[in-house]
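Asker: Next input, structure requested:
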Amino acid sequence: MPKPTNQLAAALAVLLVLSGCKLIDQRTFAPAPAASSTGAAARIETRTPLMTVVPGTKLATYEALLRAAVREAQARDPTVSFDVISVVPGTGTLAQQIKAAEADRPAAMDVAQALIAAGVTDQRVNLGARPDPSAHSPDVRVYVR
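Answerer: Got it, this is the predicted structure:
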């Protein structure tokens with residue numbers, strides 16, 4: 001039977017060896033990304049819009065083009081969804097940007113209704129609004145998702 005001091009020394013040696021080890025977990029293989037300091041620049045849309053509609057444009061002006069674009073997109077992927085985004089200039093205060101987005105909402109709703117009339121189910125049409133520092137005037141952009 002080993003002496004208790006030998007067991008204590010062995011346990012202490014194991015603890016010392018293990019104290020220098022690092023447990024392997026999800027962070028080992030997929031560490032969290034570094035925080036971005038760019039702020040709003042990181043949220044700039046990188047997708048190319050399927051179409052851009054200037055508020056006030058009559059439906060008859062873009063309806064045929066929209067229907068053709070919807071048919072083409074659905075031919076490629078029958079489960080395609082569309083994002084209809086009111087884009088306002090990213091200048092001024094937040095209150096001014098919100099006011100501009102609210103003023104642009106009827107135009108975005110008209111485009112969304114045109115998509116539904118073109119055969120897209122309403123569950124596949126998503127409405128949104130966002131500022132864009134590169135925009136000079138409000139518009140409505142349709143993106144394929």
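Asker: after the helix or strand of the chain with the lowest mean pLDDT comes which helix or strand?
Answerer: Across the helices and strands of the chain, the lowest-confidence element by mean pLDDT, DSSP states H and E is helix 26-29, at a mean of 50. Next along the chain after helix 26-29, taking DSSP states H and E as the criterion, comes strand 51-53.
Asker: Packing partners of the helix or strand just after that next one?
Answerer: Next along the chain after strand 51-53, taking DSSP H and E as the criterion, comes helix 59-76. Secondary-structure packing of helix 59-76 (3 or more CB pairs under 8 Å, 6 or more residues apart in numbering; DSSP states H and E): strand 51-53, helix 94-117, strand 139-144. Just so you know, the C-beta spots here come from the backbone N, C-alpha and C atoms, and that holds for glycine as well.
Asker: Single out the most deeply packed of these.
Answerer: Ranked by mean neighbour count, these are led by strand 139-144 with a mean of 22 (mean count of other CB atoms under 10 Å).
Asker: Let me see the residues that make contact with it.
Answerer: For strand 139-144, the external contacting residues (CB atoms under 8 Å, 6 or more residues apart in numbering) are 45, 47, 49-55, 66, 69, 73, 80-87, 104, 107-108, 111, 115.
Asker: so where is the protein shaky, pLDDT-wise?
Answerer: 1-43 (pLDDT under 70).
Asker: quick one: residue 105 from residue 50, how far?
Answerer: For residue 105, the distance to residue 50 equals 20 Å [CB to CB, to the nearest Å].
Asker: hmm, I was thinking of residue 82
Answerer: 7 Å.
Asker: Pick out whichever of the two has more residues nearby.
Answerer: More crowded of residue 82 and residue 50, by other CB atoms under 10 Å: residue 82, with 25 against 17.
Asker: bridging residues for that one?
Answerer: Counting by DSSP bridges, residue 82 forms beta bridges with residue 125, residue 144.
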